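Student: sequence first, then the predicted structure, then my questions.
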Amino acid sequence: MSEIWLSAHSDPVANLHTFQSCISLTNVYGQPTHQFVVADNGNLSWPPKLKVYSGTSLNFETNIIETPTAIVSFYVDLTEPRIPALALAAGPYIYVYKNTRPFFKFTLPSLEINQLEQDLWEQAKNDKIDVQMLYDMLESIKNDSDAVPLTPLSSKFLQTSVHQRSHFIAVYRDNPLKRQTVITSLDTLRKSHADDDAISCLLIGTENRELFILDPEAFTVLIRQSLPSEPVFIRSTGLYDVDYRILVACRNGSVLVLKKGLSTPKFSITLNAHPIGIERLGKNIVIATMDNSLICYSNKIKNLWSINFDNQITCVAAMDFKAKTFKGILVGFSNNEIRLYRDKFLIDSLSCPDTPAMMQFGRYDREESSLVVITKSGGLVVFILKRNADLTQGIATGAIGPSPQQYQKLNVPRKTKTFVEQTMRERENGVAMHRQFQHDLYKLRLTTAQNYVNALQKKMTPVSLTAAAPLKISANVQGIGPMFRLTIEVMNTSNTTPITGAYIMLVTNDNLYVLEKCYITLPLLVPTLTYTVNIMVRCTSEQGITDSINVFVYVRGRNAPVLTAQIDMPASEAMIVG
């Protein structure tokens with residue numbers, strides 16, 4: 001049994017059959033207690049229902065016209081008392097409830113209708129086309145992958161048998177053609193304030209690969225954005241009026257990051273398996289996938305860590321325990337186990353009476369930290385977090401938190417008199433010291449810039465900056481003296497253009513060094529090939545004095561050298577010994 005959870009309530013015959021997106025913990029009536037809201041899918045015996053649980057009993061239920069796909073709670077106004085509204089998505093509609101009463105109904109905009117299909121039904125209405133021709137033409141539109149999809153009326157007509165088609169046309173030919181999408185996912189985005197009871201916009205994902213942002217007061221479409229695939233999970237952070245990011249997990253296994261002001265996704269993640277759930281924990285994104293993996297990404301889509309499990313993941317939920325500033329992830333498994341992780345460290349393991357199918361952490365009734373679980377068989381289980389629960393230590397290998405060495409005191413020596421005097425001097429003369437530092441820094445930058453300009457003007461760089469003669473030079477000295485060998489390497493850095501008429505001139509102090517030759521003519525310089533020139537140098541000084549040798553590379557037709565190198569000669573060892 002868990003060390004931090006208490007089993008508060010269990011109802012194995014609650015008969016709740018829904019999805020993770022169709023549950024919510026919210027304050028339905030504006031009272032100090034919070035309720036658990038479920039949009040039940042129903043079955044053959046009873047229709048879909050909206051159910052509200054309070055405490056250990058069912059407090060309210062009402063029938064729903066269509067099968068629900070998602071439900072969220074959000075605030076639509078600033079009236080007192082502060083009562084949130086419930087947005088229930090079903091088909092192409094958003095049913096808004098306030099205080100468990102119908103408040104508003106929003107319908108998604110209709111989709112484009114195929115013009116040819118519309119003309120065909122207009123001809124059928126005026127008896128200008130026979131039944132078989134209408135069927136063949138609609139069938140060709142259906143098989144055309146580039147055409148606009150058919151309306152439900154045409155699709156139903158194509159499914160009818162041959163002897164029923166005439167009757168179908170006679171009954172339905174006067175009906176207007178209409179094509180609507182359905183809602184697949186739902187979430188909220190705070191509009192202008194970050195408070196818990198601030199007004200929020202609705203985020204709506206649809207089957208036709210679109211994302212809508214809905215104004216909460218006028219229920220008008222603020223933004224309509226196309227997506228590369230059908231959205232299945234939506235999570236948001238930020239404010240609509242300031243800046244926001246929206247995470248969209250799609251049916252093709254990709255996760256998109258949408259940012260305000262951008263018409264295309266800022267980042268994109270391609271998962272190895274389809275997502276089971278996605279949660280945002282602070283600045284991190286945690287995704288559970290169907291290959292039994294739990295993956296964490298940063299805001300910039302950098303993979304921070306991942307965990308692979310032996311058992312199948314059935315559901316995930318975020319745990320934000322504000323009383324202890326704890327943020328973790330709850331993971332449900334097929335072996336009736338629920339695990340709590342903080343980052344990749346296991347904090348606690350909880351045994352559930354049945355396989356958890358969906359769960360949510362939050363305030364329920366009067367408890368600030370409750371975990372409500374719906375099992376695979378339709379049961380309802382409620383757990384309460386202990387008030388003295390220790391969430392700082394993990395039960396897995398490698399406990400979380402700082403290492404024990406962090407709490408050991410360091411052997412810091414006592415402050416000396418000199419240290420104290422220096423500290424006082426810096427405190428009294430801080431402004432003057434800072435000004436002197438800035439003066440020296442500016443002077444260093446000026447000297448650096450002057451030397452750089454001087455090097456460019458005198459061609460002292462190892463690589464030529466002239467486009468007509470792109471050359472690179474390097475030199476090294478071998479020997480211990482008094483005889484040295486000077487090796488010079490020249491390379492044409494151009495990709496296609498050879499260089500002709502290049503030569504090398506060497507200049508040095510004749511009183512110290514004798515060069516084998518001072519003028520070397522270079523052959524045709526083929527691009528990317530290195531040409532090596534060896535020159536013998538003899539040191540004539542017996543005083544151990546050294547100097548440098550200047551190497552100039554010229555190209556015929558130019559008065560100035562294209563490259564200059566200065567080689568500092570080493571001291572002659574023979575002279576040093578002598």
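Tutor: Yep, that arrived.

Student: CA only for contacts and neighbour counts going forward, please
Tutor: Noted.

Student: what comes up buried for stretch 13-23?
Tutor: Going by neighbour count (16 or more other Cα atoms under 10 Å), the buried part of stretch 13-23 is 14-23.

Student: and the residues you listed, which two are furthest apart?
Tutor: Across the buried residues of stretch 13-23, no pair lies farther apart than 14 and 21, at 18.4 Å, counting by Cα to Cα.

Student: what about the buried residues of stretch 13-23, which are in strands?
Tutor: Using DSSP state E, the subset of the buried residues of stretch 13-23 located in strands is residue 23.

Student: quick check, nearest of the buried residues of stretch 13-23 to residue 347?
Tutor: Using Cα to Cα, residue 20 is the member of the buried residues of stretch 13-23 that sits closest to residue 347, with 23.2 Å.

Student: list the contacts of stretch 55-68.
Tutor: Stretch 55-68 is contacted from outside by 9, 22, 35, 39-41, 47-53, 88-91, 364-365, using Cα atoms under 8 Å, 6 or more residues apart in numbering.

Student: can you tell me which of the residues you listed are in strands?
Tutor: Using DSSP E, the subset of the contacts of stretch 55-68 located in strands is 9, 35, 39-40, 49-53, 88-90, 364.

Student: which of those residues count as buried?
Tutor: Applying 16+ other Cα under 10 Å to the ones in strands among the contacts of stretch 55-68 flags 35, 39-40, 49-53, 88-90, 364 as buried.

Student: pLDDT added to those, as JSON lines?
Tutor: Formatted as JSON lines, these follow (pLDDT from 0 to 100):
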{"residue": "35", "pLDDT": "93"}
{"residue": "39", "pLDDT": "94"}
{"residue": "40", "pLDDT": "93"}
{"residue": "49", "pLDDT": "93"}
{"residue": "50", "pLDDT": "93"}
{"residue": "51", "pLDDT": "94"}
{"residue": "52", "pLDDT": "94"}
{"residue": "53", "pLDDT": "94"}
{"residue": "88", "pLDDT": "94"}
{"residue": "89", "pLDDT": "94"}
{"residue": "90", "pLDDT": "92"}
{"residue": "364", "pLDDT": "93"}
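
Student: quick check: of these, which lies closest to residue 489?
Tutor: Distance to residue 489, by Cα to Cα, is smallest for residue 89 among these, at 74.8 Å.

Student: was I right to think the closest one contacts residue 73?
Tutor: No - with contact defined as Cα atoms under 8 Å, residue 89 does not reach residue 73; the gap is 11.6 Å.

Student: check contacts around residue 158.
Tutor: Applying Cα under 8 Å, 6+ apart to residue 158 gives the contacts 135, 138-139.

Student: need those residues in CSV with secondary structure, can you?
Tutor: Below are the contacts of residue 158 laid out as CSV (DSSP: H, G, I helix; E, B strand; the rest coil):
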residue, secondary structure
135, helix
138, helix
139, helix
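
Student: which of those residues tops the neighbour count?
Tutor: Within the contacts of residue 158, most neighbours by other Cα atoms under 10 Å means residue 138, with 21 neighbours.

Student: contacting residues around it?
Tutor: With contacts defined as Cα under 8 Å, 6+ apart, residue 138 is in contact with 117, 150, 154, 158.

Student: next one: residue 492
Tutor: Going by Cα under 8 Å, 6+ apart, residue 492 touches 469-472, 498-499, 525-530.

Student: that one bridge partners, please.
Tutor: residue 471, residue 527 (DSSP bridges).

Student: distance of it from residue 504?
Tutor: Residue 492 sits 14 Å away from residue 504, going by Cα to Cα, to the nearest Å.

Student: quick one: the helices in the chain?
Tutor: Counting by DSSP state H, the chain has helices at residues 115-125, 131-143, 152-159, 165-172, 417-428, 430-457, 573-577.

Student: and those helices as CSV, adding mean pLDDT and distance to residue 231?
Tutor: Listed next are the helices of the chain as CSV, based on pLDDT from 0 to 100; distance: least, Cα to Cα, whole Å:
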stretch, mean pLDDT, distance to residue 231
helix 115-125, 86, 28
helix 131-143, 87, 24
helix 152-159, 87, 22
helix 165-172, 86, 33
helix 417-428, 89, 60
helix 430-457, 88, 54
helix 573-577, 54, 78
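
Student: so which of those gets nearest residue 334?
Tutor: Between these, helix 152-159 lies closest to residue 334; by Cα to Cα that is 38.5 Å.

Student: next, the angle from that closest one to helix 115-125.
Tutor: Calculated by axes from the mean of the first three to the mean of the last three Cα atoms, to 10 degrees, helix 152-159 forms an angle of 70 degrees with helix 115-125.

Student: buried set for helix 152-159?
Tutor: 153-154, 157-158.

Student: repeat for stretch 314-329
Tutor: 314-321, 327-329.

Student: show me the two of these that sit farthest apart.
Tutor: Farthest apart among the buried residues of stretch 314-329 by Cα to Cα are 314 and 321. That separation is 22.5 Å.

Student: related to what we said a few turns ago, neighbour-wise, give me the winner out of the contacts of residue 492.
Tutor: Of the contacts of residue 492, with other Cα under 10 Å as the count, residue 471 tops at 23 neighbours.

Student: wait, isn't it in contact with residue 491?
Tutor: Yes - the pair residue 471 / residue 491 is scored as a contact, 5.7 Å apart, by Cα under 8 Å.

Student: re earlier: from the buried residues of stretch 13-23, which is closest to residue 561?
Tutor: Nearest to residue 561 among the buried residues of stretch 13-23 is residue 21, at 74.7 Å by Cα to Cα.

Student: identify the residue nearest the closest one in space, chain neighbours excluded?
Tutor: Excluding the flanking residues, the one nearest residue 21 by Cα to Cα, 6 or more residues apart in numbering is residue 70, at 4.8 Å.

Student: likewise residue 373?
Tutor: Spatially, and ignoring its direct neighbours in sequence, residue 373 is nearest to residue 359 (4.3 Å; Cα to Cα, 6+ apart).

Student: which pLDDT value goes with that neighbour?
Tutor: Looking at residue 359, its pLDDT reads 94.

Student: show me what contacts it?
Tutor: 20, 315-317, 371-374.

Student: dump these to a markdown table, plus distance to residue 2.
Tutor: Formatted as a markdown table, those follow (distance: Cα to Cα, whole Å):
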| residue | distance to residue 2 |
| --- | --- |
| 20 | 24 |
| 315 | 19 |
| 316 | 18 |
| 317 | 18 |
| 371 | 13 |
| 372 | 16 |
| 373 | 15 |
| 374 | 18 |
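
Student: thinking again about what came up before, in CSV, list the buried residues of stretch 13-23 along with pLDDT and distance to residue 306.
Tutor: Shown next, in CSV, are those (pLDDT from 0 to 100; distance: Cα to Cα, whole Å):
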residue, pLDDT, distance to residue 306
14, 90, 35
15, 90, 35
16, 92, 32
17, 91, 31
18, 93, 29
19, 92, 25
20, 92, 23
21, 92, 24
22, 94, 28
23, 94, 27
